[in-house]
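# Sequence and predicted structure below; questions after.
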Amino acid sequence: MRWARIERNGSPSYAVVEGDTVIPVRGSPFDAWERTPERLKRDAVKLLVPVIPPTFYAAGMNYPEHVREVAEKVGQAPNLPTRAEIGYRANNALIAHNETIVIPADATEQVQYEGELVVVIGRKCKNLTRENALSAVLGYTIGNDVSERTWQKQDRTMWRSKNTDTFKPMGPWIETNVKLDDLVTRIRLNGEPMIAFATNHMIFGVVDYLVAMTTRLTLHPGDVIWMGTEGATANIRHGDRVDIEITGIGTLSNPVVREGFDRPLG
C-alpha cells in the first residue's frame, strides 16, 4: 500500500495512492482509518512531506564506498564503523517532493545531495529482536540528505550543514510493500545518471539499527530513520534538479535555487 500526505482545503490529510488515483482517508496509517468516497487525480494533488516525525533519526557513514570516498577527500585512511550508531536531524529542514531546495547566499559551492532510504516506524516499540524488528516498520520513503560540506567540516554538531531549512527533502509517499534486497537507488542530476547502487548494501542494515536503537530508545509511530548513502556525491547549484529513485518506492524530485541569485530558472 502507498500512503501519501496531501493538502486538502488548506489542511493536511492522509490518502491512499493507487496508480494515478488518490483516495483521501479518515484517520491515518498510524491509527484507525477508512477510505472516503472521494477520488482525486494524482497530478492535481499537492503532496506534503509524508510524515512529520516525532523524532528524526539518521545513520551516518553506512555504506562502504561512501566511507572510502569521504576518507580520500580528507586524506585519511578509511575507517568503517564497527557498530550501528545513530544521529539526529531537525524537522525544520523537511520539504516535500517537488518543493525547492534553497541554498543560503553565504554557502560555499560544496553543497551536495545524498540519496537515502528512509524507514518509517509504525508502532511504539522497545527492545526489538532480529526476529521481530521489521514488524515495527510501517513502510519506506526516500530522503535527500542535502549537506554543505564546508560547514560540515567546521561545525562539531552539523547544526547548519545538515539542518538548514529545506535541506531535507522527503517523499513522495510511504510504500508499505517493500523487499529490501530488491531495491536499487538511482540518483540523477538534471536528468544525468550520477550513481546507482543496491539500496540494501549497507554496512549495518535496517534490522541492525532497529535492534541497536531500541536497546536504549523507545521508537514511536511516525519516527523516521534515514539510512545513509553510497559512493561519491556531487555539487548542486542554482537551476539544478535532483531526482532520487528507489525501485518499488518512487522518485523524489526537487529543484534547487540559491538565495540572491537573480538568473531565472529554465
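Happy to help now that I have it.
# residue ranges with poor pLDDT in the protein?
Low-confidence regions of the chain, defined by pLDDT under 70, span residues 73-75, 262-266.
# Next up, the contacts around the residue nearest the centre of it.
Using C-alpha atoms, centre = their mean, the residue of the chain that lies closest to the mean C-alpha position is G143, 1.6 Å off. Contacts were defined as C-beta atoms under 8 Å, 6 or more residues apart in numbering; by that measure G143 touches 115-118, 168-170, 224, 226, 244, 252. (C-beta placed from N, C-alpha, C; glycine too.)
# cool, V211 as well?
If you count contacts by C-beta under 8 Å, 6+ apart, then V211 has 128-130, 133 around it.
# does it sit in a helix or strand, and which one?
Counting by DSSP states H and E, the secondary-structure element that holds V211 is helix 206-213.
# Check which helices and strands the helix or strand just after that helix sits against.
Downstream of helix 206-213, the first helix or strand assigned by DSSP H and E is strand 224-226. Other elements packing on strand 224-226 under the criterion 3 or more C-beta pairs under 8 Å, 6 or more residues apart in numbering; DSSP states H and E are strand 56-59, strand 115-121, strand 137-144, helix 206-213.
# Would you mind getting the angle between the helix holding V211 and strand 115-121?
Relative orientation of helix 206-213 with respect to strand 115-121: 60 degrees, computed using axes from the mean of the first three to the mean of the last three C-alpha atoms, to 10 degrees.
# and helix 206-213, how far from the chain's centre?
For helix 206-213, the distance from its own C-alpha centre to the chain's C-alpha centre is 17 Å (C-alpha atoms, centre = their mean, to the nearest Å).
# backbone phi and psi for the residue lying farthest from the centre of the chain, please?
Using C-alpha atoms, centre = their mean, the residue of the chain lying farthest from its centre is P37. It sits 31.0 Å away. Its backbone dihedrals place P37 at phi -80, psi -10, with angles given as degrees, to the nearest 10.
# Which residues are in contact with it?
Taking C-beta under 8 Å, 6+ apart as the test, P37 contacts no residue whatsoever.
# rewinding a little: out of the contacts of G143, the closest to T199 would be?
Comparing those against T199 with C-beta to C-beta picks out L117 as the nearest, at 5.2 Å.
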